[in-house]
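Enquirer: Coordinates only, no sequence provided:
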């Protein structure tokens, strides 16, 4: 464990899967006044010392899942969720909450949500830029979010926000304390800051 920043809010752990720049998400969490740790490997003590785990991810589905398995996170994350603890997956960190992806069919996701990611049928990939969310939830409704992705889950019973890019897809999912955001809230301006505050504090 490293990079402890003492604040007054919830105790947030950012999972470091070596799959992207953590600086922006670290900065975003710090700004909402949370006690922050960056964590490379799971430890049973985290069930007592951390309130929220954030799992960012960039790159390929298989790479992120390989990191999860190599570092021993798979069973820990399943146990974390069985205990009703809060878990937030961002970008590929949301995709791996599902069963798998067309991007790497052999890779087995965490299966915390049913369904698989599919390639977005648009001539220009990846999707890069801002899009307005279509959501019934006040925390997401009419929010403008920043996306960078070529794959997404088209639909889920737990979908809380959608966006269309060649095909309508889930921009966010939630089941109890389990959250997934296909977009990058840490790069989504004031809307993203308020969303991070909502899920982390």
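Expert: Great, that's in hand. For clarity, every value in this text was computed on a predicted model and none was experimentally measured.

Enquirer: Report the distance from the helix ranked longest in the chain to the chain centre.
Expert: Here the longest helix in the chain is taken by residue count, with DSSP state H as the criterion, and it is helix 189-200. Offset of helix 189-200 from its chain centre (C-alpha atoms, centre = their mean, to the nearest Å): 13 Å.

Enquirer: How about it, which residues are buried there?
Expert: Taking 16 or more other C-beta atoms under 10 Å as the basis for neighbour counts, the residues of helix 189-200 that come out buried are 191, 192, 195, 196, 197, 199, 200. For glycine as for every other residue, the C-beta is placed from the backbone atoms N, C-alpha and C.

Enquirer: Residues contacting it, please?
Expert: Around helix 189-200, the neighbours that count as contacts under C-beta atoms under 8 Å, 6 or more residues apart in numbering are 9-10, 12, 28-29, 31-32, 34, 52, 54, 86, 88, 139-140, 143-146, 179, 181, 184-186, 188.

Enquirer: Could you pull up the mean pLDDT of it?
Expert: The pLDDT scores in helix 189-200 average 95.

Enquirer: got it, and stretch 146-165?
Expert: Across stretch 146-165, the per-residue pLDDT values average to 97.

Enquirer: Likewise for stretch 51-66?
Expert: Model confidence over stretch 51-66, given as mean pLDDT, is 94.

Enquirer: what does stretch 90-109 give?
Expert: Per-residue pLDDT values across stretch 90-109 average out to 97.

Enquirer: now do stretch 15-24
Expert: 87.

Enquirer: Give me the distance between the two termini of that stretch.
Expert: Stretch 15-24 stretches 14 Å from its first residue to its last (C-alpha to C-alpha, to the nearest Å).

Enquirer: Check stretch 115-123 too.
Expert: Terminal residues of stretch 115-123 are spaced 24 Å apart (C-alpha to C-alpha).
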